[in-house]
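Colleague: coordinates for the following, if possible.
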Amino acid sequence: MKGPAGSSERSASALRLIVTTVAVLMIGGGSNVLACPVCFGAEETSMIDGTRIGVLVLLAVTLVVQGGFAGFFLYLRRRARRSAEADLEAEWSELQGASRTS
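Modeller: Okay, here's the model as predicted:
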């Protein structure tokens with residue numbers, strides 16, 4: 001049965017593994033190796049043009065959807081106003097018809 005000595009051995013081994021991994025990543029994993037041409041700062045390429053067009057398409061879709069919601073709510077507002085005016089007109093006609101008969 002291992003006591004505290006076995007536990008400290010494991011933690012030292014784990015610490016060595018972590019330090020070694022970090023060192024290997026820092027030495028071997030330079031930013032030039034891991035970066036794509038767009039992130040690394042390549043000149044105008046078709047990838048950059050495609051990205052720009054993609055962003056514009058996503059913005060256009062977002063604006064069209066928001067415009068559709070705004071148009072729908074304006075339609076509902078107009079319809080509610082017409083309905084309220086028709087109800088008011090009907091009530092006014094009833095009131096005027098009642099006053100003539102009395």
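Colleague: point out where this structure drops to low pLDDT.
Modeller: Applying pLDDT under 70 to the chain picks out residues 1-6, 28-43, 99-102.
Colleague: the same query, at a cut-off of 80, please.
Modeller: For the chain, residues meeting the criterion pLDDT under 80 lie at 1-7, 24-45, 47-48, 98-102.
Colleague: can you map out the helices along it?
Modeller: Applying DSSP state H to the chain gives helices spanning 4-28, 31-34, 37-40, 46-101.
Colleague: want to throw those helices into JSON lines with mean neighbour count?
Modeller: For glycine as for every other residue, the C-beta is placed from the backbone atoms N, C-alpha and C. As requested, the helices of the chain are exported to JSON lines (neighbours: other C-beta atoms under 10 Å):
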{"stretch": "helix 4-28", "mean neighbour count": "10"}
{"stretch": "helix 31-34", "mean neighbour count": "8"}
{"stretch": "helix 37-40", "mean neighbour count": "11"}
{"stretch": "helix 46-101", "mean neighbour count": "10"}
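Colleague: domains in the chain, by residue range?
Modeller: Here the domain parsing of the chain from automatic domain parsing is 1-34, 44-102.
Colleague: centre of the chain to the last one, how far?
Modeller: Taking C-alpha atoms, centre = their mean, to the nearest Å, the mean C-alpha location of domain 44-102 is offset from the chain mean by 24 Å.
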